[in-house]
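I'll drop the sequence and a predicted model, then ask my questions.
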Amino acid sequence: MTGDGGLDEREQRLWRAFGDMRQRLDAAIERRLNSADLSGADFQLLLPLMEAPGRGLRARELRLKVDWDRSRLSHQIRRMEQRGLLAREDCPGDARGTVIRLTADGLAAVRAAAPGYVDTVRRLFVDLLTPDEVEMMLAVSHRVLARLAEEELGPGRSVYVGTVDHSPPPAAEASPSA
């Protein structure tokens with residue numbers, strides 16, 4: 001750090017490179033999804049719905065999973081409903097609740113787009129990292145996400161566990177003993 005609490009030159013380069021990398025990765029992924037007639041926002045909603053039991057989530061749960069405000073979620077759902085990708089249903093047991101469900105067309109769309117999405121993420125990011133760098137990136141990502149959760153909810157009120165894999169790393173294969 002610089003003496004005035006700002007970022008030193010190396011820290012500035014890191015922050016700018018990280019921002020540029022993320023922006024360009026997002027743009028490459030968006031282009032790939034667009035070629036499958038989906039937007040990044042579409043895909044961001046389709047994935048958690050595809051993974052949900054019964055391929056549906058309460059609107060409130062979906063909003064929390066994607067970390068969007070109500071207005072953005074509502075507008076995106078409306079657009080996707082008009083295209084036949086999602087359907088709104090009344091929530092059983094809660095007259096005020098709404099379940100957002102993936103339609104057959106939505107499932108087909110996400111399944112069609114997923115291989116291109118995975119290929120783009122793998123080719124432009126994952127395959128460029130060594131196994132040690134993957135572990136380092138995971139550790140850094142979890143630490144930053146934990147700090148963000150703490151900032152939102154206050155110290156001691158949140159522990160980030162959303163994508164933390166608590167399993168030990170795979171052990172090296174033991175050589176056969178004689």
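Yep, that arrived. Numbering: from 1, shown residues only.

CA only for contacts and neighbour counts going forward, please
Fine.

in the longest helix along the chain, what's buried?
If you go by DSSP state H, the chain has its longest helix at helix 9-34. The neighbour-count check on helix 9-34 (16 or more other CA atoms under 10 Å) flags L25, A28, I29, E30, R31, R32, L33 as buried.

Counting neighbours, what do you get for the residue nearest to the first one when sequence neighbours are not counted?
Spatially, and ignoring its direct neighbours in sequence, L25 is nearest to L124 (7.4 Å; CA to CA, 6 or more residues apart in numbering). Residues lying near L124 (other CA atoms under 10 Å) number 15.

before we move on, which element is the nearest residue to D69 once chain neighbours are set aside in?
Nearest non-adjacent residue to D69, counting by CA to CA, 6+ apart: R63, 7.0 Å away. Here R63 sits within helix 59-66, counting by DSSP states H and E.

Residues contacting that helix, please?
With CA atoms under 8 Å, 6 or more residues apart in numbering as the test, helix 59-66 has contacts from Q44, L45, P48, L49, D69, R70, L73, G97, T98, V99, I100.

what would those residues look like in TSV with distance to E89 and secondary structure?
Putting the contacts of helix 59-66 into TSV (distance: CA to CA, whole Å; DSSP: H, G, I helix; E, B strand; the rest coil) gives the following:
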residue	distance to E89	secondary structure
Q44	20	helix
L45	16	helix
P48	17	helix
L49	14	helix
D69	20	coil
R70	17	helix
L73	15	helix
G97	9	strand
T98	6	strand
V99	5	strand
I100	6	strand
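
which of those count as buried?
Counted by 16+ other CA under 10 Å, the contacts of helix 59-66 give L45, P48, L49, L73, T98, V99, I100 as buried.

Return the item of the residues you listed having minimum pLDDT.
The member of these with the lowest pLDDT is T98, at 89.

counting contacts, what elements does the lowest-mean-pLDDT helix or strand in the chain pack onto?
The element with the least model confidence among the helices and strands of the chain, by mean pLDDT, DSSP states H and E, is strand 94-102, at a mean of 87. If contacts are counted by 3 or more CA pairs under 8 Å, 6 or more residues apart in numbering; DSSP states H and E, strand 94-102 sits against helix 40-51, strand 56-58, helix 59-66, strand 86-91.
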